[in-house]
Each structure stands twice: as structure tokens, then as C-alpha cells.
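In: give the three-dimensional model of this entry:
(chains A, B, C and D)
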Number of protein chains: 2
Amino acid sequence: MTDEIELPAEVTLLWGLRETVRRGRKPSLTVADITRAAIEVADAEGLAAVSMSRVAAQLGNATMALYRYVKSKDELLLLMSDAVPDGPPDLPDDVDWRTGLTLWARGLLGVTRQHPWTAQIPISGPPLGPNSLRWFDCALRALDGTDLSEEEKVGVVMGLLTLVHGELRLSIDLSRSYAKNPQAFGRQYGMALARVVDAQRFPALSKVIAAGVFETEVPYDEEVEGEFEFSLGLYLDGVAAFIERRTTGQG
Amino acid sequence: MTDEIELPAEVTLLWGLRETVRRGRKPSLTVADITRAAIEVADAEGLAAVSMSRVAAQLGNATMALYRYVKSKDELLLLMSDAVPDGPPDLPDDVDWRTGLTLWARGLLGVTRQHPWTAQIPISGPPLGPNSLRWFDCALRALDGTDLSEEEKVGVVMGLLTLVHGELRLSIDLSRSYAKNPQAFGRQYGMALARVVDAQRFPALSKVIAAGVFETEVPYDEEVEGEFEFSLGLYLDGVAAFIERRTTGQG
DNA sequence: ATGTTATTGCGTATGAGATACGCCTAAAAG
DNA sequence: CTTTTAGGCGTATCTCATACGCAATAACAT
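Out: You can find the predicted model right below:
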């Protein structure tokens, strides 16, 4: 089979199809080793600390050794982002779609909470790695019992993925800056706003500020969590309405 | 007034409150000039091309001159991300919330389409700049006629912002990689998936592939646009249901 | 006027990081 | 045991962000 020839570079990388090992010196590393080391560094010191030399050091190798396994740092990042979401939750076969998607979304949220840097990696293409696709499949399976067309299922899942991703990115970026400077949130934030926002130019915002919405002393994490559940709920309500329409409309 | 002393650095920067100009050499630049130049560079050559020296060159100054106006590149990025979304759309006073939010979301989408790099700038804190707050205010105003509490309005808007942001980031990252390598999408993508995905391990995904969902020849932009409208619609349906509940439940 | 002082403009230097190139070594094939 | 092929990695280059310090300049004080 000369099939592999046509497969894009990303795919062969992500699925470990770059085995041409015949003769020559034996490799002392594997792509998986490198990926694991990079993830260790990112977990411990943040994505910014992931440099080729730092990762190499983690493995006890020289910087340039890595380039025998990975064409560029971008490839490494791609590997990292597929390697991290280890596996989607196991949904019981008979869950209703809403419970399924909720578990799925929470699972994704949880995974990313443990490796916050994933949200910072720029997405370089449609999902192609084994883990990403497993997650994708899992969400689609949750919609199996519904009357949606395959295309509509994809749409729903993409929207949800987008929402979760956006939420993650936002909340992670925010908690990073929160960690640096907690006073910038909560009361302090409200006060700074109040100083700068006038009722003429920002009528609606002023009302919100006046209502004290920004002066909560709720721990930040809980607030984010609440936000997430809230918008997830809204989105799923929308999905419910859509499914309803589909079902009664053409069932 | 010694008020300003307490204002965080970001705020004084974004609102142009760093005027201490008394004696000494006259500044030949302004923060606004620098921001504008940086945006020109980003528009023309992408965010990656925005380096301090490139921006300085754009202005005909030396690299280090910029540091008199901006503490770091991060500050410059912050300025850029507030400066770009020029102003929110003018919503008629009597629009219903759904139309208002739809216009708002489309407006935000449009602005970002013209400056795709905005989605790549890491968010470093809650919205504080004049333009960001104007947009925030605009969305809140759209919800003015509803029975939601101020806090709920904020929740709805944050969720929507998250969705739009996530959508943008996704679609922009994707179209970047699409531009580089169009074959990786559409038919080619479907084929690569088909090669690698087996029905045992990816039951739901296989069905989707079999249904030919990934083999459309729809121009990519339209597809993204459609995706966006679809998930926006879902989310707003959710909001509608929520408002409904609030209104009948406690009205 | 003239020196004083606060500020800006910017050259130079440092250190980090990605990555091309090519030499050397080791393993497999003949 | 020689040839072939692939991995390990030192060295070198280029790009950046940014610290530091000196020189130019404009308001102010005398």
C-alpha cells in the first residue's frame, strides 16, 4: 500500500505513522516521550516555559536532538494539544442527549482545568488527532438518539465545542491575570470602573455597576464555574428547542 | 484630587490618563500613534509581524523610543485589542433584545473579520478599555427591556461574548490554516479521516463521515458563517427560554 | 540669559529562543 | 568488514524583548 504517501504530515505525526525505522542508529527517544516531557514542563511552569531547549533538558538530551522527531515547535504543540485530553468520559449507552452533552462539556472543562495551557495553543486546523476525534465521537454519540441529521449533530457539537473552548480560554486567561493581581477583580474592578464610566456614555453599564454586580466577594473560581454552567445551560436550552422543532416539525 | 494614584496601570494607559507632560523634551509620538501603527502592521502582515522594532520602523522611529510610551509589548497588545473594535453598532432604542443581540454579535464578528489577529491576543483581564466597555454597554442595553436582573444580564452577555469569541478564534485559526493549505479541508479532510477512523472505535463519527458531511464543496467562509449563525441561534433560543421562565415565573 | 532639571530619543548590549547545517557515531545490510 | 543510513548534537545565525545610560531638549528658576 502506498496509501500513506498521500496522508498529510499532521496525520502521520499524530497517529504515529512515521515509522521508517530500518537501519542506522537506534532512536533514543520517541515522539511520545517528547510530548510527555513537554506536557510536564507546561504543567509545571506554563506554556511559556516550553522551549525546545527546556524540553530537551527535561529529557536529558540536547536541544537539536528533538528535531529528529518533530519538524518544528508547532508540531510539538500540536502533539501536546492532542495528547492532553486523555479520553472522553464513558457515557452510558442510554443517557439522554442533554445529560450526555453536559457530562461531556464538564469533562472537557475538567481536563483543561488540569492543563490550563491547552487553551493557549493556537488551533492549526480541524481536529485530526486520535484523542480529539475520540472526544468528537463521544459528543456525537450523545446525540445519537435524537432526530437530528448528521450534519445538524456536527453543528450542535461544533457550537458546544466553541462555547466550551471560548469559556476556557476566557476563564483561564482571566484566572492567570487574577493570580497575578487579585485586587484587579471584584471590588477593585468595580471601583476602577465606577471611576471611569459615566452614566451618559455608558447608561446600561452604569446601572449594572450601581446594582453592585461587580462587588461580589465570591471566590473567583466559583464565579467562573457558575458562569460556565449558566451559559452551558442556555446553549443546551437552545439545542433542546431545536430538537423539539425538528421532532415535531417533521417527525 | 489624588484619585489617579489608585487607578491600576492598565486603566491609566487605556484611557489616556498618563499625561504628566510638563517640562523636558517634547514627545514626538503619542500612544495613539503607536497603537495605530501596530494595528497597521498587524492588518497587513499578521500579529506575528508585530514586533517592537517593526512598529517603530512603521513610525520612522527607533525601537527603544516606543518604550517611553508603553512599558512592554504586552501593554501594546492591550492597547491594540481595545482600539480595534471601533464602536458598537447603534441600536435603535426600541429594538427587542433578540434583534439587538443578533446585531451586536454580527457587528463584533464583522469587526473581528477585518482584524483577525485580535482573536489571537491573550486576554489579560476583565474589560477595562473604553471601546470594550462601550461594546459591553451596548449589549447590556439590548437587554434593557427584559425582566432579567442586572446580574443575569451580565451573565447572558458574558456567555454570548464567550461564544462569539470562541467562534472567532476557532474560525480565524482555521481560516489561517485553510489559507495555507486549502486541500486539508473539505474533501481531503474527509478522506484523511476516513483512512484513520474505524467504525469500532469511532462509531458516531464514522456515521457522520459516511453521510458525507465532510465532503461539501461549500466555500469555506460561507460554511463558517453558517456555523456561526447556527450556534448564535441556539444560544439565543436558550436565552429566550430563560427570559420566558423569568417573566412568567416571577412576573 | 543661564544654569537646573525633568523628559524624551535612541545606540548599544544582553540574553533567550527557533532552527539550519554539517560532522560524528552507531546500527544494519551486503 | 565495508558501506549505507539514520540519529545525536555542537556551532552558528537571526530575530526579539528589553535593561541601561548618555545625549538632546524644553520648561523653570534665578
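In: please make it C-alpha for all contacts and neighbour counts, starting now.
Out: Noted.
In: residues contacting stretch A:23-34, please?
Out: Identification of contacts with stretch A:23-34 by C-alpha atoms under 8 Å, 6 or more residues apart in numbering or on different chains yields A:16, A:55, A:56, A:59, A:66, A:69, A:70.
In: switch to 7 Å and redo it
Out: Under the contact criterion C-alpha atoms under 7 Å, 6 or more residues apart in numbering or on different chains, stretch A:23-34 has outside partners residue A:69.
In: what is the distance between it and the centre of its chain?
Out: How far stretch A:23-34 lies from its chain's middle: 29 Å, per C-alpha atoms, centre = their mean, to the nearest Å.
In: mean confidence for that stretch?
Out: For stretch A:23-34, mean pLDDT rounds to 92.
In: that one: end-to-end distance?
Out: Distance across stretch A:23-34, first residue to last, is 22 Å (C-alpha to C-alpha, to the nearest Å).
In: in that stretch, what counts as buried?
Out: A:31, A:34 (16 or more other C-alpha atoms under 10 Å in any protein chain shown).
In: that one close to DNA strand C?
Out: Yes. Using C-alpha under 7 Å from any atom of the strand, a contact is recorded between stretch A:23-34 and DNA strand C, made by A:23, A:24, A:25, A:26.
In: how about stretch A:233-244 as PDB, C-alpha atoms only?
Out: The C-alpha trace of stretch A:233-244 is given here as PDB (Å, rounded to 0.1, in the frame of the first residue of the first chain):
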ATOM      1  CA  GLY A 233     -27.500  25.700  30.300                       C
ATOM      2  CA  LEU A 234     -28.600  28.500  27.900                       C
ATOM      3  CA  TYR A 235     -27.000  26.800  25.000                       C
ATOM      4  CA  LEU A 236     -28.400  23.400  25.800                       C
ATOM      5  CA  ASP A 237     -31.900  25.000  26.200                       C
ATOM      6  CA  GLY A 238     -31.400  26.300  22.700                       C
ATOM      7  CA  VAL A 239     -30.400  22.800  21.500                       C
ATOM      8  CA  ALA A 240     -33.500  21.400  23.200                       C
ATOM      9  CA  ALA A 241     -35.700  23.900  21.400                       C
ATOM     10  CA  PHE A 242     -34.100  23.000  18.100                       C
ATOM     11  CA  ILE A 243     -34.500  19.300  18.600                       C
ATOM     12  CA  GLU A 244     -38.100  19.900  19.600                       C
END
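In: so how far is it off the chain centroid?
Out: On C-alpha atoms, centre = their mean, the centre of stretch A:233-244 falls 22 Å from that of its chain.
In: stretch A:197-216 too?
Out: Worked out by C-alpha atoms, centre = their mean, stretch A:197-216 lies 32 Å from the chain centre.
In: so what touches it?
Out: A:186, A:187, A:190, A:194, B:134, B:137, B:140, B:141, B:150, B:151.
In: residues contacting the fifth one?
Out: With contact set as C-alpha under 7 Å, 6+ apart, residue B:134 has these partners: A:202, B:87, B:88.
In: and what of the last one?
Out: Residues near residue B:151 by C-alpha under 7 Å, 6+ apart: residue A:213.
In: that one and residue A:205: what is the separation?
Out: 11 Å.
In: enumerate the residues of the stretch 151-251 of chain A near chain B.
Out: Listed as neighbours of chain B in the stretch 151-251 of chain A under the rule C-alpha under 7 Å from any C-alpha of the partner chain: A:151, A:155, A:159, A:162-163, A:165-167, A:170, A:173-174, A:177, A:192, A:202, A:204-205, A:208, A:211, A:213, A:227, A:231, A:234-239, A:241.
In: burial of residue A:63, as a residue count?
Out: Here the number of neighbours of residue A:63 (other C-alpha atoms under 10 Å in any protein chain shown) works out to 15.
In: pLDDT at it, what is it?
Out: 97.
In: what sits against it?
Out: By C-alpha under 7 Å, 6+ apart, the residues touching residue A:63 are A:52, A:53, A:56.
In: give me phi/psi at residue A:72?
Out: phi -160, psi 170 (degrees, to the nearest 10).
In: and the residue of the stretch 51-200 of chain A at minimum distance from chain B, what is it in contact with?
Out: Closest residue of the stretch 51-200 of chain A to chain B, C-alpha to the nearest C-alpha: residue A:166 (3.9 Å). Counting by C-alpha under 7 Å, 6+ apart, residue A:166 touches B:162, B:163, B:165, B:166.
In: at 6 Å instead, please
Out: Residues near residue A:166 by C-alpha atoms under 6 Å, 6 or more residues apart in numbering or on different chains: B:162, B:166.
In: now it: which helix or strand?
Out: Assessed by DSSP states H and E, residue A:166 sits inside helix A:150-180.
In: what pLDDT does residue A:214 get?
Out: Listed pLDDT for residue A:214 reads 82.
In: and for it, the neighbour number?
Out: A count of nearby residues for residue A:214, using other C-alpha under 10 Å, gives 19.
In: ok so, going back, so which of the residues of the stretch 151-251 of chain A next to chain B reach DNA strand C?
Out: Within these, nothing lies near DNA strand C by C-alpha under 7 Å from any atom of the strand.
In: where does chain A have low pLDDT?
Out: A:1-6, A:21, A:178-187, A:217-220, A:250-251 (pLDDT under 70).
In: how about the residues of it near DNA strand D?
Out: Counting by C-alpha under 7 Å from any atom of the strand, the residues of chain A that sit close to DNA strand D are A:20-29, A:61-68.
In: if you set the cut-off to 10 Å instead, what comes out?
Out: By C-alpha under 10 Å from any atom of the strand, the residues of chain A that approach DNA strand D are A:18-30, A:56-57, A:59-69.
In: return the subset of these lying in strands.
Out: Among these, no residue falls in strands (DSSP state E).
In: could you check how far the residue nearest to residue A:127 when sequence neighbours are not counted is from DNA strand D?
Out: Sequence neighbours aside, residue A:133 is the residue nearest to residue A:127 in space, at 6.4 Å (criterion: C-alpha to C-alpha, 6 or more residues apart in numbering or on different chains). Distance, residue A:133 to DNA strand D, by C-alpha to the nearest atom of the strand, to the nearest Å: 27 Å.
In: burial check on residue A:133, number of neighbours?
Out: Residues near residue A:133, counting by other C-alpha under 10 Å, number 21.
In: what's the spacing between it and residue B:97?
Out: Remark: distance between residue A:133 and residue B:97 (C-alpha to C-alpha) = 37 Å.
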